[in-house]
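Peer 1: Sequence first, then the predicted structure, then my questions.
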Amino acid sequence: MAVVKVTKENFENEVLKSKKTVLIDFWASWCGPCRSLSPVVDELAEEVEDAKVCKVNVDEEPELAEAFRVMSIPMLAVLKDGKIVDTAVGVRPKAAIIQMLDV
């Protein structure tokens with residue numbers, strides 16, 4: 001499945017009402033570590049079938065970044081049933097992100 005671009009307009013349907021576990025990558029185009037993490041997140045979106053992978057551009061969606069208390073990027077958040085179950089700041093190896101999804 002492709003990465004879902006999340007905005008404040010589709011956040012409720014794509015994230016809060018998702019039947020699957022949701023991984024959100026909070027990023028910005030000017031962020032070097034975000035650019036290095038992005039291909040890993042894209043790979044996961046194609047490989048992981050029991051989770052939805054989303055991205056939020058913090059420059060375009062400051063309200064969502066604020067709601068998740070994003071202080072540093074890249075930040076990953078895992079949600080189950082609309083609730084945050086895990087977060088991580090900084091670049092993570094693929095295996096560590098997969099482990100986050102198994103919480």
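Peer 2: Happy to help now that I have it.
Peer 1: all helices of this protein, in order?
Peer 2: Using DSSP state H, the helices of the chain run over residues 11, 32-47, 62-67, 94-101.
Peer 1: which one of these is the most hemmed in?
Peer 2: Of these, the one with the most neighbours on average (mean count of other CB atoms under 10 Å) is helix 11, at a mean of 18. (C-beta placed from N, C-alpha, C; glycine too.)
Peer 1: what does the average pLDDT come to for it?
Peer 2: Average pLDDT, helix 11: 97.
Peer 1: which strands and helices sit next to that helix?
Peer 2: Packing contacts for helix 11, counted by 3 or more CB pairs under 8 Å, 6 or more residues apart in numbering; DSSP states H and E, involve no helix or strand.
Peer 1: what does that helix rub up against?
Peer 2: For helix 11, the external contacting residues (CB atoms under 8 Å, 6 or more residues apart in numbering) are residue 64.
Peer 1: now with 10 Å?
Peer 2: Where contact means CB atoms under 10 Å, 6 or more residues apart in numbering, the residues beyond helix 11 that reach it are 17, 24, 54, 56, 61, 63, 64, 67.
Peer 1: and if you look at stretch 30-37?
Peer 2: With CB under 10 Å, 6+ apart, stretch 30-37 has contacts from 25-29, 38, 41, 55, 57-59, 72-76, 89-94, 97.
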